[in-house]
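[1] Would you be able to build a 3D model of this:
(chains A and B)
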Number of protein chains: 2
Amino acid sequence: MIVNLTRTTLAVATPVVPSHGALRPLGLEEVRITGGVWADRQAVNGRATLAHIEYWMEHEGWIGNFDAAAAGTVAAHRAGREFSDSEVYKLLEAMAWEVGRSDDAEVDARLESLVARIAAAQESDGYLNTQFGRPGQRARYSDLEWGHELYCFGHLFQAAVARLRTRPGATDGLVDVARRAADHVCATFGAGGLQRVCGHPEIEPALAELGRATGEQRYVDQAALFIARRGTGTLADIELGRSYYQDDVLVRAATVLQGHAVRANYLAAGAVDVAIETDDGELLAALTTQWENTVAHRTYITGGQGAHHSGESFGDDWELPPDRAYSETCAGVGSVMFSWRLLLAQGLPRYADLIERTLYNVVATSPSHEGTAFFYTNTLHQRRPGTAPATDVAVPRATSSLRAPWFAVSCCPPNVARLFASLGAYVATVDDAGLQIHQYVPAQIRTHLTDSRALDVDVETDYPHDGRIRIVVRTSHDEPWTLSLRVPAWATGATLTTPGESPAPAVPGTTRVTRAFKAGDVVELQLPVGPRVVVPDARIDAVRGCVAVERGPEVLCLESVDLAEAGAVRDADVGHVRLTSRDSVREVDGQVVARFEVDAPAAAAWPYEDVDPDGDRRTTAVVETPLIAYHDWANRGPSTMRVWLPST
Amino acid sequence: MIVNLTRTTLAVATPVVPSHGALRPLGLEEVRITGGVWADRQAVNGRATLAHIEYWMEHEGWIGNFDAAAAGTVAAHRAGREFSDSEVYKLLEAMAWEVGRSDDAEVDARLESLVARIAAAQESDGYLNTQFGRPGQRARYSDLEWGHELYCFGHLFQAAVARLRTRPGATDGLVDVARRAADHVCATFGAGGLQRVCGHPEIEPALAELGRATGEQRYVDQAALFIARRGTGTLADIELGRSYYQDDVLVRAATVLQGHAVRANYLAAGAVDVAIETDDGELLAALTTQWENTVAHRTYITGGQGAHHSGESFGDDWELPPDRAYSETCAGVGSVMFSWRLLLAQGLPRYADLIERTLYNVVATSPSHEGTAFFYTNTLHQRRPGTAPATDVAVPRATSSLRAPWFAVSCCPPNVARLFASLGAYVATVDDAGLQIHQYVPAQIRTHLTDSRALDVDVETDYPHDGRIRIVVRTSHDEPWTLSLRVPAWATGATLTTPGESPAPAVPGTTRVTRAFKAGDVVELQLPVGPRVVVPDARIDAVRGCVAVERGPEVLCLESVDLAEAGAVRDADVGHVRLTSRDSVREVDGQVVARFEVDAPAAAAWPYEDVDPDGDRRTTAVVETPLIAYHDWANRGPSTMRVWLPST
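    Sure thing, here's the model as predicted:
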């Protein structure tokens, strides 16, 4: 296969730089988020989360594993799960983006210190993993199903890409470590090598990107080999089935994401990279179909994916239980990776719609307001308040009633950190016609069109609190260019005001303004962010007879804390409420409220009776109570919560 | 602690013989099932299932493990999971009950042959397990969390109890093997020994019963020690939490069953045995509360228990998803064990109600009509037809769309087999006042009252097809005695006709007739077995807006096969139906039918819209289609199925 990497793909400080596609991504140096909710999240991430993660990885011995590997003692004293190396690499990646975003010298120094410890553990042939291959350890690649060696390499490569693109002149050696490891992978798993794949995809998008960032076509070719091999059953048939790790069907033959939701999204992301770099239209079409079917039938209203705790996996179509939503934070990050690559390839606003939904309602839900505790899973219905998790020890992964500072499997915290640190990269793109804005945040965009004309634009908004988004053009042009703005699918009734014109309707999709803008020109998009009552497809059985409330891009929820303050009885349990009517949902002083009947069901010895369904209801109160953004829940102590509100 | 075992507890051919309690169980020699659906099941079990199980255990090497252990080669060649010994013991138990039930000489010979192979593997100190303790194997009791050694002993003891009570003079040595093993367990885990418990309860009811059957008080005392130790955290804190194996709370302090549903029920059953034998009223009260709360809040309409695939465990109260119902067959068997012991202790009909529900709708659902394929889990909603599982290899445990001949974890088939073979023991009991009939099957009851008067009664019925149950007394008595008949909780409108009287109302609960019966006297109970439309408690969110249909003790379901025959469109998918009205459910010529609207939902790119919930419906057909007994589903090839029928 032939891959054409051009020099233009190498230099942008952004996670994904395809050699071609509908849109060209912008780097962190081109898009600076200057305020609003995402700037706050980035500040907390840089100020608190990165240090918190490093503390815990040191505390748990995951970083120390590299020291022990260098000292030759790791076989006897290795700490953590088999994939803990990867968490350290994700922290490195987060640090690299943070340095690119904020020029934080302290973070830069901590990154360099970590790289030195990791580099010391690399073996002479490029292999690097603290779990395998030394005397007293299992042999390299002897457990591709669960060993995660290639998965770990993938995160190492993504960290190196971030470093290379944000500090191309850095002398810490991270990029060299990654290149040596990538060379080792190509030598070991190339066309003449082991015809195997890793149980956990991740190396596929990572190798593709390392190839793009370094100009090494071999890496992209190796990614393509891994994609082509996937689904041929080289991994063992386990109790969860080969579908768990997507080894039961060729990527190009699949019609929907299945199996482990993180694995599925990482694989799909890498497959898009390969499809682009190899001009494989058939593969790209298959991935597009997979995305469409997954979004239409297997995605929570939050954008969350993965309905099963067992296998952390997708369920069947329409199987989306709110109370047992696994909706792993990492699957949300993976979904953003997949959607972003399709957006760059095809330019369709639906991909940015899902990214926005997922950022607000999955990724932003995971960390606490302080950035030092996290949800691993993101349930849409919490029936028991639960208890505060320990703050001094790592807890099991799947607790969900309150955020925990650390997990025995802590893939999610550094995954959130690397995405938050690089968030500016997902705001806007350019193409031959002009600029596209996909996400609405206060921002300074300082870029140039593909014909090299400088283009400076500021975005001024209080979105999503307020629906007004002002695009202020700071440079004058003699020739026209096109400003493209995404109108979210939910934004029926949006309007666009161009200089000197009255507001005009802007239908959901992409709205475009083409003109020779002058400095000072303002384009104003008005999105209707008021509350919307949303009904699920009748085939999503688990939420029949319920509605959800959204406001702008945010999914709202009812939390027991608010129900208690509203004076409801029975321990303010959200299990006893029923929305009085859709019309009762309204916004009062910027706060969405709704009216609920609170029932006091009779205590029955057996919960299935041949009675009139309404005959047994005993409404004890009708209360009006606030609905809050789902991503804000569980920040006020133990509580119960539900996104889907019974309405029948 | 003091245990008083009387000789009267030793001789009855029945699984559970408490030293005292409200009711005295009857043995297989006293209650003979003579016809009807359960006789058919017993015949298939004896004719096909036992041989099928033995074939697979031989094929998989699980029986061969004992030969290898005796030969000293098992460390290198052991087959199967760590608990496979227990499956062989459950087969032994099933065979022992079958011999007691049918006097089948061939089964008796196969049993003796198996016992000889097992006995050869027992070590000189009584220890017996093919997985641990030999050179090249892990040390005995080095993995109490997952090793299942005591669990395996438990099933060995239950097999020995069955053998002792059905063939007290047998010379095969099974009882001696069990006694030596039990002595070893008492010596190892007694008051001065290891203060530990097994990760999987089972030895508790087994030791208690072996004590009852042999008169060895030490065994009952050891069971009591294991119950007292449970919940003190002697097992490791695993990712699923200690609640998974009920080691986080004392048995007497728990208020509801939690964690792994089979473990929970086996433990509770053993705890009832201990509470009875130690006259521990507080413990019995706690177990009664656990039963009540579990039935009221954590049990499927089928009687199934265990809502989570992850951990095969109970969920929170009201968390009862039909599509992800784990409802393991073994948990149903365990529930029968727990309920039966409480029934013997307290005599309340609610326990027999749950046993009946569970027998008809969980246990009977597992085997195919031919008795040679099984459900491990028992989902209440199947969305995909699935494909027929392989018939020549064992499949993973949790597939559920079609029955499989064998599983890598095959606890369920022999569990069903031992319960079916011993089913006669659950039909009736006696007490000082007379006879109680709990389950309605054609039967001959040949027993005696506690004052030694002979009591012969025949039960004549076509239940559950027909609601008429005739109790024909075959012996005359000068003194009155009381015939007690269970009127199921659902049987509103039942009537009782006593000799010479007109039918009188019999309210749900227990109805009693006291008189000096004469030979030929007939008491007739008429149960209203017509279809009932049943509504779930509003807090069972997963089935909001749905109803279920029951007929007598059977839960019905809609299977796509019938929908297709009724002419419905869209691949006869049960995901597109809505009951037109509750009144449309009716019985026609012995067949329950219901009328459904079949919708053709629009294909939407995103399944959550702010639209009128009814505005998008496009009904393409209205069909009247049969509902079948849930336990009969999936006997006609791949299909989709649902118990809960959308009605809004």
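[2] Now do the buried residues in the helix or strand harbouring A:Arg350.
    Using DSSP states H and E, A:Arg350 falls within helix A:349-358. Neighbour counts over helix A:349-358 (16 or more other C-beta atoms under 10 Å in any protein chain shown) mark A:349-358 as buried. Quick note: C-beta positions are derived from backbone N, CA and C, even for glycine.
[3] ok, those vs chain B, which is closest?
    A:Arg350 (7.0 Å; C-beta to the nearest C-beta).
[4] and the closest one, what pLDDT?
    Model confidence at A:Arg350, given as pLDDT, is 98.
[5] before we move on, the earlier item: which of the buried residues of helix A:349-358 are close to chain B?
    A:Arg350 (C-beta under 8 Å from any C-beta of the partner chain).
[6] which two of the buried residues of helix A:349-358 lie the greatest distance from each other?
    A:Pro349 and A:Thr358 (14.6 Å; C-beta to C-beta).
[7] ok, A:Thr73 to A:Leu128 distance?
    As defined by C-beta to C-beta, to the nearest Å, A:Thr73 lies at a distance of 17 Å from A:Leu128.
[8] Looking at these two, which one has more neighbours?
    The residue with more neighbours, out of A:Thr73 and A:Leu128, is A:Leu128; 24 against 13, by other C-beta atoms under 10 Å in any protein chain shown.
[9] got the phi/psi numbers for the closest residue in space to A:Asp431 that isn't next to it in sequence?
    For A:Asp431, ignoring the flanking residues on the chain, the nearest one in space by C-beta to C-beta, 6 or more residues apart in numbering or on different chains is A:Leu23 at 5.3 Å. Phi and psi for A:Leu23, reported as degrees, to the nearest 10, are phi -130, psi 150.
[10] How about A:Thr511?
    phi -110, psi 140.
[11] contacting residues around it?
    Taking C-beta atoms under 8 Å, 6 or more residues apart in numbering or on different chains, we find A:Thr511 in contact with A:484-485, A:487, A:494, A:496, A:525.
[12] For the residues you listed, work out which two are farthest apart.
    Between any two of the contacts of A:Thr511 (C-beta to C-beta), the greatest distance is 14.0 Å, for A:Ser484 and A:Ala494.
[13] and the residue of the stretch 51-200 of chain A found nearest chain B, what helix or strand is that in?
    Using C-beta to the nearest C-beta, the single residue of the stretch 51-200 of chain A nearest to chain B is A:Arg81, 10.5 Å away. Using DSSP H and E, A:Arg81 sits within no helix or strand.
[14] Can you pull up the most central residue in chain A?
    A:Val333 (2.0 Å; C-alpha atoms, centre = their mean).
[15] That one: what's its closest spatial neighbour, skipping adjacent residues?
    Among residues not flanking A:Val333 along the chain, A:Asn415 sits closest, at 4.6 Å (C-beta to C-beta, 6+ apart).
[16] which residues does A:Pro503 contact?
    A:495-497, A:524, A:526.
[17] if you set the cut-off to 7 Å instead, what comes out?
    A:495-497, A:526 (C-beta atoms under 7 Å, 6 or more residues apart in numbering or on different chains).
[18] could those go into TSV alongside pLDDT and distance to chain B?
    Shown next, in TSV, are the contacts of A:Pro503 (pLDDT from 0 to 100; distance: C-beta to the nearest C-beta, whole Å):
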residue	pLDDT	distance to chain B
A:Thr495	98	18
A:Leu496	98	21
A:Thr497	98	25
A:Gln526	98	18
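[19] May I ask which of those has the most neighbours?
    Highest neighbour count within the contacts of A:Pro503, by other C-beta under 10 Å: A:Leu496, with 21 neighbours.
[20] That residue reaches A:Thr510, doesn't it?
    No - counting by C-beta atoms under 7 Å, A:Leu496 stays clear of A:Thr510, with 11.1 Å between them.
[21] picking that back up, in helices, which of the contacts of A:Pro503 fall?
    The helices, defined by DSSP state H, take in nothing from these.
[22] for these, which one is nearest A:Gln305?
    The shortest gap between A:Gln305 and any of those belongs to A:Gln526, at 31.4 Å (C-beta to C-beta).
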